[in-house]
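Colleague: whatever this is, show me its structure:
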Amino acid sequence: MKTIITHFPFIVLISLCLWGCGGNSTQQQAQEPASNDPADLYRPAADNGGIKLSEGFGAVLVADSLGARARHIAINDNGDIYIKLASLLNDKGIVAMRDTNKDGKADIIESFGDYTGTGIGIYNGYLYASSDTSVMRYKLKQGELMPDLQGEVIISGFKNQNSHESKPFTFDGAGNMYVTVGAPSNACQEKDRQVGSKALDPCPELLLQSGIWQFKAEQAGQVHGKEGKRYASGIRNAVALDWNTSTNSLFALQHGRDMLNTLYPKNFTDTMNRDLPAEEFLQISDGDDFGWPYCYFDPFQDKKILAPEYGGDGKKQGRCENIKRPILTFPAHTAPNDLLFYNGSQFPEKYKNGAFIAFHGSWNRQPFDQEGYLVAFVPFKDGKPNGQWEVFASGFEGANKVKNAGDAIHRPMGLAVAPDGTLYITDSRKGKIWKIVYYGDKAKSATAMK
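Modeller: Numbering: from 1, shown residues only. From the prediction side, this is the model:
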């Protein structure tokens, strides 16, 4: 099914082509714009689509609502947009979008793929997309929005699991892809999240889960457990990961464990559970172990602490003493769900090679208000965080405090940079898509940095 959307002031006409739409609707030719600067081309929404942005930035609404939960996003060299869905749209789980009249808004929206999931990316002329148990790829066709739908399976064999099941991935540009295989539990107990349940030691989930695996990006038919290499271990769940081309290394953010106060009320208060453990920003090298489930990071003590399931009391380090540290930490339970190193030139120089992180928002801070629901920026220098991280985009949850994650109006999820250097953000509640453009004075911004 194909949806063609034409924009008029205050009116949106949606026509559903059930037959006779013609084979060349995705190849409409737009007039060449007078300027290639996105600040001249695109008019931001009056309220930036309901979000707050750093000074000088505005948001164009690419899509006000897809009607499905958008996850990660990829953008082709010609500006075509591909989004992986966590809920089906027209019985399909991948959305393809094109802006034909160059106003920043999607005029053509198509869908394909009969599976949901999170991961999506473009590598060497192919669109890659993941379900919870496999990774597929589709050949992109020159000039056409829709790829060749005769996809091929690149990786299969991931176990079905009830938590942390998504398979986000990234590429290193040298023929390898890196796939997160999350832990199927909170803390590797015999009965997950049950008070008094015994912890498993050693944790069997570390064999084929709870880490990041390296596969050949272009080799079809790989099976997890037979092909592929465990690149890093001891990672509970890293939905946000990206290969940093300026450092030629892998980075990811780990979701910290939950329910310290519920499972161990004698050692952890509600306030301690709200603030522990930190969400960890990791620089990952081949063979690294980050300690899950035995360890968690306490930002107040600034060190890895032994988990209570394994004899910890909130202060002991034990086997966690020599575990690799994060390069930066963020507030507990804020759910970092995408990471992007900015390599565009539309934004001011301070953003070059820095990291954008989408925080999906928490659920485990009760009885306190939930937090997150923002996009942060981390400046980098010489391959390392340089200075304090800052809030880049906020207000996704709406004006009211969030008591439960379901109260949030929007939840930022996916990030991508377009060829013109603008930043895209997806929403996992209603499928809203924002295109962030810098409209300020770059010269003034550069002076302010000195």
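Colleague: going forward, measure contacts between C-alpha atoms and count neighbours the same way
Modeller: Will do.
Colleague: quick check: which ranges of the chain have low pLDDT?
Modeller: Where the chain drops to pLDDT under 70, the residues are 1-34, 443-450.
Colleague: try 50
Modeller: For the chain, the stretches flagged by pLDDT under 50 are 1-31, 447, 449-450.
Colleague: and the helices in it?
Modeller: Along the chain, the segments classed as helices by DSSP state H run 38-41, 260-263, 270-275, 442-449.
Colleague: Thr334 touches Leu374, doesn't it?
Modeller: No - counting by Cα atoms under 8 Å, no contact exists between Thr334 and Leu374, whose distance comes to 9.1 Å.
Colleague: which residues do the two both contact?
Modeller: Common neighbours of Thr334 and Leu374, using Cα atoms under 8 Å, 6 or more residues apart in numbering, are Phe359, His360, Gly361.
Colleague: name the nearest of those relative to Tyr138.
Modeller: Distances from the shared contacts of Thr334 and Leu374 to Tyr138 were compared by Cα to Cα; the smallest belongs to His360, at 28.2 Å.
Colleague: dump the residue contacts of that closest one.
Modeller: Applying Cα under 8 Å, 6+ apart to His360 gives the contacts Thr334, Ala335, Pro336, Asn337, Gly372, Tyr373, Leu374, Arg411, Pro412, Met413.
Colleague: quick check: the gap between the second one and Ser249.
Modeller: Applying Cα to Cα, to the nearest Å, the value for Ala335 to Ser249 is 22 Å.
Colleague: between these two, which one's more packed in?
Modeller: Taking Ala335 and Ser249 together and counting by other Cα atoms under 10 Å, Ala335 has the greater number of neighbours (27 against 15).
Colleague: any idea how far Gly398 is from the more buried one?
Modeller: Computed with Cα to Cα, the distance linking Ala335 and Gly398 is 18 Å.
Colleague: can you check Gln219 too?
Modeller: From Gln219 over to Gly398 the distance is 44 Å, taken as Cα to Cα.
Colleague: can you pick out the residue with more neighbours from those two?
Modeller: Per other Cα under 10 Å, whichever of Gln219 and Gly398 has more neighbours is Gly398, with 16 against 13.
Colleague: surely that one is in contact with Ile409?
Modeller: Yes - the criterion here is Cα under 8 Å, and Gly398 meets it with Ile409 at 5.7 Å.
Colleague: how much space between the nearest residue to Ala238 once chain neighbours are set aside and Arg69?
Modeller: Spatially, and ignoring its direct neighbours in sequence, Ala238 is nearest to Gln254 (4.6 Å; Cα to Cα, 6 or more residues apart in numbering). Noted for Gln254: a distance of 22 Å to Arg69, by Cα to Cα.
Colleague: neighbour count for those two, which is higher?
Modeller: Gln254 (27 against 24).
Colleague: which residues touch that one?
Modeller: Taking Cα under 8 Å, 6+ apart as the definition, contacts of Gln254 comprise Ile235, Arg236, Asn237, Ala238, Val239, Ala240, Glu279, Glu280, Phe281, Leu282, Pro336.
Colleague: just the buried subset of the residues you listed, please.
Modeller: Using 16 or more other Cα atoms under 10 Å as the burial test, the contacts of Gln254 include Ile235, Arg236, Asn237, Ala238, Val239, Ala240, Glu279, Glu280, Phe281, Leu282, Pro336 as buried.
Colleague: tell me which of those fall in strands.
Modeller: Ala240, Glu279, Glu280, Phe281, Leu282, Pro336 (DSSP state E).
Colleague: how about TSV for these, with distance to Lys105 added?
Modeller: TSV is the format used below for those (distance: Cα to Cα, whole Å):
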residue	distance to Lys105
Ala240	26
Glu279	34
Glu280	35
Phe281	33
Leu282	35
Pro336	27
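Colleague: ok, those vs Lys304, which is closest?
Modeller: Closest approach to Lys304 among these (Cα to Cα): Glu280, at 10.9 Å.
Colleague: gap between the residue nearest to the spatial centre of the chain and Asn176?
Modeller: Among the residues of the chain, Asp338 comes closest to the average C-alpha position under Cα atoms, centre = their mean, at 2.2 Å. Computed as Cα to Cα, the Asp338 to Asn176 distance reads 19 Å.
Colleague: what's the answer for Lys167, then?
Modeller: Using Cα to Cα, one gets 15 Å for the distance from Lys167 to Asn176.
Colleague: so between those two, which is more surrounded?
Modeller: Between Lys167 and Asn176, counted using other Cα under 10 Å, Lys167 has the larger neighbour count: 26 against 16.
Colleague: so who does the more buried one touch?
Modeller: So, once contact is read as Cα under 8 Å, 6+ apart, Lys167 ends up touching 117-119, 130-134, 179-182, 239.
Colleague: got a winner among the residues you listed for most neighbours?
Modeller: Highest neighbour count within those: Val181, with 31 neighbours (other Cα under 10 Å).
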